[in-house]
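With the input below, show me the fold.
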Amino acid sequence: MKKSRFTEPQIIKILSEQESGRTVAEICRTHGVSLPTYYSWKSKYIGMQANQLKKMKELESELNQIKRMYADLALEDNALKNLIEKKL
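You can find the predicted model right below:
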């Protein structure tokens, strides 16, 4: 997947420019962004602040870590069950 030229805090700043009265076309032209890109950003980041975005990223990271831990435990549990079945 292609990496964006803009960081997420920059995207939020670009989206907030519309609140100051600038048109979407003008914002897109200024930053070199297409209209579809602007609207996809808007649907993803609408109403977010930079600190909320940081908190969301931390929570996603923690969730991924918990999912990995669960997967490891599930594999270990399955291996132990198979071992017990073979002994009986």
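
host element of residue 36?
According to DSSP states H and E, residue 36 maps onto helix 35-45.

With residue 81 instead?
Residue 81 belongs to helix 50-87, assigned by DSSP H and E.

Name the residues of that helix that are buried.
Residues residue 53 are the ones in helix 50-87 that count as buried (16 or more other Cβ atoms under 10 Å). In this view, the C-beta of every residue, glycine as well, is placed from N, C-alpha and C.

Any stretches of this structure with poor pLDDT?
Within the chain, the ranges that satisfy pLDDT under 70 run 1-2.

ok, 90 please
1-9, 12-13, 16-21, 44-57, 83-88 (pLDDT under 90).

Can you tell me the centre-most residue of it?
When Cα atoms, centre = their mean is applied to the chain, the residue found nearest the centroid is residue 57 (6.5 Å).

Could you measure from it over to residue 14?
18 Å (Cβ to Cβ, to the nearest Å).

Understood, closing this out.
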